[in-house]
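> Please work out how this folds:
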Amino acid sequence: EGSQPIALSMQVPPWPTEPPPNADYWQPVCLWYDEHFPVRPSWNEMGLSIRDLANVPHGASEVTCLTYFTKASYTIAFGPASGGGDGGVGNGGFNTTSSTTTTTASTT
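Numbers count the residues shown, from 1 in each chain. From the prediction side, this is the model:
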């Protein structure tokens, strides 16, 4: 039945020091570069997740992205999150001002 996601170990850039707008805290989010995104190319979180996100400690320097895309460029950004809830990033107000690590994954 369905294939297993590819697990990518990713370095996390320095965590934001300012509080997020309209949220309780920042959480890391995996993004992939979508050159075919409508209107203009952009970073996109669709189809990606971070393994065990609820247990990633604040200030962590590494996370594991789970993806089904075999060829893509990935980065780690930060999204505003609130306690409880569904853990979703919500409005896409990503903090990508920190330097990010881009990794290209390939199954070949």
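
> Just want the most central residue of this structure.
Cys30 (1.7 Å; Cα atoms, centre = their mean).

> Just the residues contacting stretch 27-38, thanks.
Under the criterion Cβ atoms under 8 Å, 6 or more residues apart in numbering, residues 8, 10, 12, 41-45, 47-50, 53, 56, 60, 63, 65-67, 69, 72-81, 87, 89, 94, 96, 102 lie in contact with stretch 27-38. Every C-beta, even on glycine, is put in place using the N, C-alpha and C of the backbone.

> Strands of this structure, residue ranges please.
6-11, 25-34, 42-44, 49-50, 62-67, 72-81, 103-105 (DSSP state E).

> Let's have those in a markdown table, adding mean pLDDT and distance to Pro19.
Shown next, in a markdown table, are the strands of the chain (pLDDT from 0 to 100; distance: least, Cβ to Cβ, whole Å):
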| stretch | mean pLDDT | distance to Pro19 |
| --- | --- | --- |
| strand 6-11 | 95 | 23 |
| strand 25-34 | 93 | 8 |
| strand 42-44 | 91 | 22 |
| strand 49-50 | 95 | 21 |
| strand 62-67 | 96 | 21 |
| strand 72-81 | 93 | 9 |
| strand 103-105 | 48 | 28 |
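
> As a markdown table, those strands with distance to Thr17 would be great.
Listed next are those as a markdown table, based on distance: least, Cβ to Cβ, whole Å:
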| stretch | distance to Thr17 |
| --- | --- |
| strand 6-11 | 18 |
| strand 25-34 | 10 |
| strand 42-44 | 22 |
| strand 49-50 | 21 |
| strand 62-67 | 19 |
| strand 72-81 | 11 |
| strand 103-105 | 25 |
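
> Not counting its neighbours along the chain, what's nearest Ala23?
Pro80 (3.2 Å; Cβ to Cβ, 6 or more residues apart in numbering).

> Brilliant, that's me finished.
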